[in-house]
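Peer 1: quick one: sequence plus predicted model below, questions after.
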Amino acid sequence: MKKTTLLLAFILSALFSNAQGTYNSSKFHQMDEWWPTPNEYRNGAGAPGHSYWQQKADYDISVALDDEKQTVSGSEKITYTNNSPDALTYLWLQLDQNIYKKGSMTDLTSTREDIQSMSFGGYNFMYNDFNGGFDIEFVKDGKGTPLKYTIVNTMMRVDLPQSLKKGEQYVLQIKWKYKINNTKTNGGRSGAEYFEEDKNWIDLIAQFYPRMCVYNDVQGWNHKQFLGGGEFATCFGDYKVSITAPADHVVTATGQLMNPNDVLKAEWKKRLDKAKTADKPVIIITQQEATENEKSRSKSTKTWKFEAENVRDFAWASSRKFIWDAMNVRVGNKDVMAMSFYPKEGNPLWEKYSTAAIAHTLKVYSRYTVNYPYPVAISVNGPVGGMEYPMICFNGPRPEKDGTYSSRTKYGLITVVIHEVGHNFFPMIINSDERQWAWMDEGLNTFCQYLTEQEWEENYPSGRGEARKIVGYMSGDKSTLDPIMTNSESILQLGNNAYGKPATALNILRETVMGRELFDKAFKVYAERWAFKHPMPADFFRTMEDASGVDLDWFWRGWFYGTEPCDIALKNVKLFTIDTQNPTIEKTKKKAARDKETPSISEQRNKTDIKQYLVEKYPELLDFYNTYDPLNITENDKDKYKKYDESLTETERKQNADAKNFYILDFENVGGLIMPVILEMEYEDGSKEMMRIPAEIWRKNNQKVSKMIVTAKKVKQFSLDPLQETADINMNNNYFPAKIIESQFQLFKEQQRNREPNPMQLEKQGKL
C-alpha cells in the first residue's frame, strides 16, 4: 500500500474513532408521536382534511356608550351554525369583562413577589374599588323564551332545550351592561383614558359583548378561562353593529361605516371621498376641528352603523378628541382604506407615521401571506399600548408635550403599528387559538413584523428577529425559561418566549436552514391553506415540511419543545498533509519549520549560563554527526524518490503534485440545541471561504462530531458562526486558534437619574 493511501486511511480512522461514544440520535427522531394523528379533518401534510369543518357565529348587536358614567350597555342576537358532525346539548360563551369582578379568578390569583416597596400607581392598580364585569339581564332563544345559563368565571354555559344537530342553527338573544375600566388604574386590553385638561375620555372598547367560544375537532369547546394573559379563540361570522354615542363623539370600528351621511359632517364626508383615491394620508378631521370639538358637551346621541363580513371579532373606539386621516392602499385587486384616529396629544408623530405604517404593513404582509381581504385597516391612539382586533388596533406611543420625541418613541410607534396591524393576518385571518398557543399569533406576527420593519429603511432598529438579539434570553437561568410550546397563561417571560424566540427561530429557518426561496414558499402555503380557518401547531409544522421538502423535526424539537441554547464549540483542529516523498519539497518544508521554532526556556538560558561546552574544550570528541544535517537533500534521497515516482500511476502522480491540506475539526454541542455548523476559513493569503454544514451532521452523535475539510491553501483562522446566525450564546469557544473577545464594563458614580431631554429638544436648545 502506498504512503498516500496509508495517510488517508489514518485520517479516516481518526474521524471514526473520534465519533465513538454515546450515539444519542433522539434529537432527530421524528415528531409524529408528539403530534395528533392525521385524520379526515387535518391531514398529514398539514392541510385541512377533506372533511374539515368549523362553526359560524353571526352577530346583530346594538350597543350604547354612556360617556359620563363610563358604562356600556347592549343587546345582541347571535345566530350560531353547527357545522360539526356532533349534536350539541349546550353552548359556551366568553364573558371576558368578568376579570374585573371583585373576587374573580384573575383577582384571586394575581401575585406580587416584592411587597417591600410599591409605587402609588402599583398600589392603586392592585387595590381599588372598581368592580366591573358583565351584568347579564337575560339570555333567551330566538322566540324570546328564557334559557338556563350558568356563569363560570369568564365563561357562560347556555343549556339548550334540545340538541343542536349538524347543519342546524340556533338563535340566542342576550342583554347586558358593564362599567368601562380605567386603564390607568385597572390596566386592560381595552378601556378608557381620561384627559384632565379638557375633561374628555378616549374609550377603546373590546371584549364588550358575550361571544361564542370555538368548538373544534381538536379540543371540543375551547373554554379555558381568561385570566388576562392568554388572548382569545373566536369563531368567524358576519357582524351588524349599531353604536350609539354622544352626538359630538367620533366613532370608528371594525368593518365599514354604513351610514356616513347620518353621522359625518359634509366637509368630513367630502375629504373622506378624496382619501379613497389618495396615495398619501388626507386629513378628514383636522387638529383644529378636533380641539374645538373637545369643548362640546352634546346632550343628544348619534348611532353609527357598521358591518363586517367573515371576521372573528369586533371592536370600536369613541371620543370627542379624535383627529382622523386616511389614504387608499391597493392590495392585489382591491382598494383598502388605511385610517388613523388620534388626539392632538399624538401629534406631530401620529399624523406623520401612523397611516403610512398601516399602508406599508398591508403591502408587505400580503406579499408573504395572503392578500389583505378587508375594506379598512385602522390604528387608534389611546390608553392601550398595543392591542389588535379585526380591521382595528389600539396603539399607545405619543410625543412629548412640546411635540418633540425621541428616536425610541418614533420607532416605537412605527413598530407597534406594524405589529398590531399585522395581527390582522395572525390571528384575525389565519385564526389560531391564542388562549392556548400565544406563539402562533405573536411569534409568526413578530417574524413578519421584522420583515416589514427591514423594508421601512436600511438598518431599521428591530428589537426582535435577529439571532443575536435572543442570546441573552436563551443563556438565562433555566428555571425562568419555558418551551415555546407552553400554554399562554403559564409562560414566565411572555415577550421573549412567545414573540422573540419564535420570530428568531423562523428567521433562522429562512436565512440559515432552508434559504429564503424554500421558506417563503412554505410559509405562504401555510397562510393560504389556513386563511379563515383554525390551524393548530402541528398544522404549521407539517405544512412547512410538506411545502419545502425539508425534514425539520429536529428543529421543532429543539426550538419549540425545548429550552436548550445553541453553544457549539470548536474544540480542536488537527492538520494533515500528504507526504509527497519528494525530498526537495518535504525536507525543505521541514527545515523551514525547524528554523522557525522558538528555542525552549532551557536552551535560551543555556546560551548565557554555559560558558563552554565540553566539545569546545576537547575538539577530539567531535565526529561526523556534529556536522551532519539529516534535512540536507542527498543523492540517495533523489534516487529513492525517482524509483518511487516511476512506480506511481498518472492519477497518483497528480494527487502528489496537488498536495492538499487535510484538517480534522472536532466540534462539541455544549449547549444541547441542534443547529447547523457555519464555518468561516480565513487563509494565510487573507482570503476567506464560508462552509455551511447542515444540522444533520449531528444525527448519529448529538454531542460530539469531527469533520474533515480539505483545502488547497493553509488556513490561518477557523471561526464558527461569524455572522451570528444561530443564536450561539458563547462566542469564546468559536475560534481556532482561540481569539480574545473584547467586551466592556463601565465605571459609574451612583446618582439620581433625571429624565434627560430627547435629541430633538437638545437641537431646539442649540446643544447639538
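Peer 2: Right, received. Where do you want to start?

Peer 1: give me the three-state assignment for I709.
Peer 2: strand (DSSP: H, G, I helix; E, B strand; the rest coil).

Peer 1: tell me how many other residues crowd it.
Peer 2: 17 (other C-beta atoms under 10 Å). Quick note: C-beta positions are derived from backbone N, CA and C, even for glycine.

Peer 1: again, but for E635
Peer 2: E635 - counted by other C-beta under 10 Å - has 7 other residues nearby.

Peer 1: check S407 too.
Peer 2: If you count neighbours by other C-beta under 10 Å, S407 ends up with 11.

Peer 1: again with A498
Peer 2: 26.

Peer 1: could you measure it against G562, distance?
Peer 2: 16 Å (C-beta to C-beta, to the nearest Å).

Peer 1: go on, T277?
Peer 2: Counting by C-beta to C-beta, the gap from T277 to G562 is 52 Å.

Peer 1: contacts only, for G191.
Peer 2: Each residue near G191 by C-beta atoms under 8 Å, 6 or more residues apart in numbering is listed here: 180-183, 203-204, 383-384.

Peer 1: give me the below-cutoff pLDDT ranges for this protein.
Peer 2: Residue ranges of the chain with pLDDT under 70: 1-25, 103, 111-128, 648, 652, 655-659, 745-754.

Peer 1: ok, T277 and G562, which is more surrounded?
Peer 2: G562 (17 against 10).

Peer 1: contacts only, for that one.
Peer 2: 483, 672-673.

Peer 1: roughly how far apart are it and D325?
Peer 2: 46 Å.

Peer 1: in which helix or strand would I find S242?
Peer 2: Here S242 sits within strand 237-246, counting by DSSP states H and E.

Peer 1: now for the residue nearest to G396 when sequence neighbours are not counted, how many residues are close by?
Peer 2: Excluding its sequence neighbours, the residue lying closest to G396 (C-beta to C-beta, 6 or more residues apart in numbering) is G385, at 4.1 Å. Residues lying near G385 (other C-beta under 10 Å) number 14.

Peer 1: phi, psi for G385 please.
Peer 2: G385 adopts backbone torsions of phi -60, psi -40, taken as degrees, to the nearest 10.

Peer 1: look up how far L481 lies from the nearest residue to Y59 once chain neighbours are set aside.
Peer 2: Leaving aside its chain neighbours, Y59 sits nearest to Y239 (4.9 Å; criterion: C-beta to C-beta, 6+ apart). Noted for Y239: a distance of 40 Å to L481, by C-beta to C-beta.

Peer 1: may I have stretch 208-220 exported as PDB, CA atoms only?
Peer 2: C-alpha atoms of stretch 208-220 as PDB (Å, rounded to 0.1, in the frame of the first residue of the first chain):
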ATOM      1  CA  PHE A 208     -67.700  44.200  25.200                       C
ATOM      2  CA  TYR A 209     -70.200  41.600  24.300                       C
ATOM      3  CA  PRO A 210     -70.800  37.900  25.200                       C
ATOM      4  CA  ARG A 211     -69.300  36.000  22.300                       C
ATOM      5  CA  MET A 212     -69.200  32.400  21.200                       C
ATOM      6  CA  CYS A 213     -66.300  30.100  22.200                       C
ATOM      7  CA  VAL A 214     -64.700  28.000  19.500                       C
ATOM      8  CA  TYR A 215     -65.900  24.400  19.200                       C
ATOM      9  CA  ASN A 216     -63.500  22.300  17.000                       C
ATOM     10  CA  ASP A 217     -62.300  18.900  16.100                       C
ATOM     11  CA  VAL A 218     -59.200  19.000  18.300                       C
ATOM     12  CA  GLN A 219     -60.400  20.200  21.700                       C
ATOM     13  CA  GLY A 220     -64.200  20.300  21.500                       C
END
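
Peer 1: so what strands line up beside the helix or strand that the strand holding S242 is followed by?
Peer 2: Using DSSP H and E, the helix or strand that follows strand 237-246 in sequence is strand 250-253. Its sheet considered, strand 250-253 pairs with strand 316-319 (antiparallel) by DSSP bridges.

Peer 1: which other helices and strands contact the longest helix anywhere in the chain?
Peer 2: In the chain, taking DSSP state H as the definition, the longest helix is helix 349-368. Applying 3 or more C-beta pairs under 8 Å, 6 or more residues apart in numbering; DSSP states H and E, one finds that helix 349-368 makes contact with strand 323-331, strand 334-342, strand 376-381, helix 407-422, helix 439-454, helix 516-530.
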